[in-house]
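Chemist: sequence first, predicted model second:
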Amino acid sequence: MRIPISPTLLAAALLCLMASGAHAGWLEDLKKKIGDTAPALAATPVTGPTSSVVLSDDEVVRALKEALTRGTQQAVTNLGRDGGFLNNPDVKIPLPDGLKRVEKLLHSVGQEKYADQFAATLNHAAEKAVPEAAIIFTDSLSRMSLADAKSILRGPDDAATQYFRKSSEARLKERFLPIVQVATDQAGVTSAYKQLMQKAGASARFLGAGAGDLDGYVEAQAVDGLFRMIAAEEKRIRQEPAARGTDLLKKVFGALGK
């Protein structure tokens, strides 16, 4: 559906602007049980404090992968739906800094609906792109080595998020960009804005970061928002591993007394 817009009004605005300490949780328990001085994960079985069940290092690593799979899937699902970005203040994509004065100007003359519609199209474009992350994260987890798992278990609270960013960020941007381009081209307000920016030529650089490359701005914001959500899911997993839907997770968390 195309969104109605007054290109003249938006062009005038653009021209005007140019002229002017919680509980650590199960991951930390695993760190203690593996031990920082252990030569390798496969060398030491893990036993829980309230159970006689012996956990092999293979089970621990597979449980880690399974829990992280659930966390990434949750983040992708929450963001990759209508309103996933737009209705979430933690990841909502604002207008680029260079267009904030345009937004203010439109609000001052009672035409805020155009600014709001414009911002909405940016967020909806990100929502359309995010589902592409699912297969990339799945592949990244399948490639996780024992060394990667050790680093995550012994690392900071966002160690898994750092792992995903390092292993997946470039591919995420590559997959997101063409989807964002299609989505913004199809939206009336954003399509009109792009045409105006093309006509502005070299003058567009005075609008600041993000204003000249709208698609690149949305793609970068979408990727950053996704990693913020993954970090939040990782924190939740570390503090309250409530999802024990499989025998493996039940065995590992049960042996750890969780």
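Modeler: Yep, it's here.
Chemist: and the helices in the chain, which stretches?
Modeler: 7-19, 26-34, 57-79, 100-108, 112-129, 133-142, 146-154, 159-186, 188-200, 214-239, 247-255 (DSSP state H).
Chemist: need those helices in a markdown table (columns: mean neighbour count).
Modeler: All C-beta spots, glycine's among them, are computed from the backbone N, C-alpha and C. Compiled in a markdown table, those are given as follows (neighbours: other CB atoms under 10 Å):
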| stretch | mean neighbour count |
| --- | --- |
| helix 7-19 | 16 |
| helix 26-34 | 19 |
| helix 57-79 | 20 |
| helix 100-108 | 17 |
| helix 112-129 | 21 |
| helix 133-142 | 17 |
| helix 146-154 | 18 |
| helix 159-186 | 18 |
| helix 188-200 | 17 |
| helix 214-239 | 21 |
| helix 247-255 | 17 |
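Chemist: need those in CSV with distance to residue 93 and mean pLDDT, can you?
Modeler: Listed next are these as CSV, based on distance: least, CB to CB, whole Å; pLDDT from 0 to 100:
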stretch, distance to residue 93, mean pLDDT
helix 7-19, 18, 46
helix 26-34, 31, 47
helix 57-79, 11, 84
helix 100-108, 13, 75
helix 112-129, 5, 88
helix 133-142, 16, 92
helix 146-154, 29, 79
helix 159-186, 11, 92
helix 188-200, 12, 65
helix 214-239, 4, 88
helix 247-255, 34, 60
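Chemist: quick one, which of the ones you listed is nearest to residue 94?
Modeler: Proximity of the helices of the chain to residue 94 was assessed by CB to CB; the nearest stretch is helix 112-129, lying at 6.9 Å.
Chemist: any chance you could list what contacts that closest one?
Modeler: 3, 5-6, 9-10, 79-86, 92-95, 102-103, 106-107, 175-176, 179-180, 183-184, 187-190, 193, 214, 217-219, 221-222, 225 (CB atoms under 8 Å, 6 or more residues apart in numbering).
Chemist: what about 6 Å?
Modeler: Contact with helix 112-129 is made by 3, 84-86, 93, 95, 103, 106, 176, 179-180, 183-184, 187, 189-190, 218, 222, as judged by CB atoms under 6 Å, 6 or more residues apart in numbering.
Chemist: pull the CA atoms of that helix into CSV?
Modeler: Output of helix 112-129 as CSV, limited to C-alpha atoms (Å, rounded to 0.1, in the frame of the first residue of the first chain):
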residue,chain,number,x,y,z
GLU,A,112,3.7,15.7,11.6
LYS,A,113,1.8,12.8,9.9
TYR,A,114,4.4,12.9,7.1
ALA,A,115,7.3,12.6,9.5
ASP,A,116,5.5,9.8,11.4
GLN,A,117,4.7,7.9,8.2
PHE,A,118,8.3,8.3,7.1
ALA,A,119,9.7,7.0,10.3
ALA,A,120,7.2,4.1,10.2
THR,A,121,8.4,3.0,6.8
LEU,A,122,12.0,2.8,8.0
ASN,A,123,11.0,0.5,10.9
HIS,A,124,8.8,-1.6,8.7
ALA,A,125,11.6,-2.1,6.3
ALA,A,126,13.8,-3.4,9.2
GLU,A,127,11.0,-5.7,10.3
LYS,A,128,10.9,-7.3,6.8
ALA,A,129,14.7,-7.9,6.8
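Chemist: could you number the chain from 494 rather than 1 from now on?
Modeler: Taking 494 as the first residue, the last one we looked at is helix 605-622.
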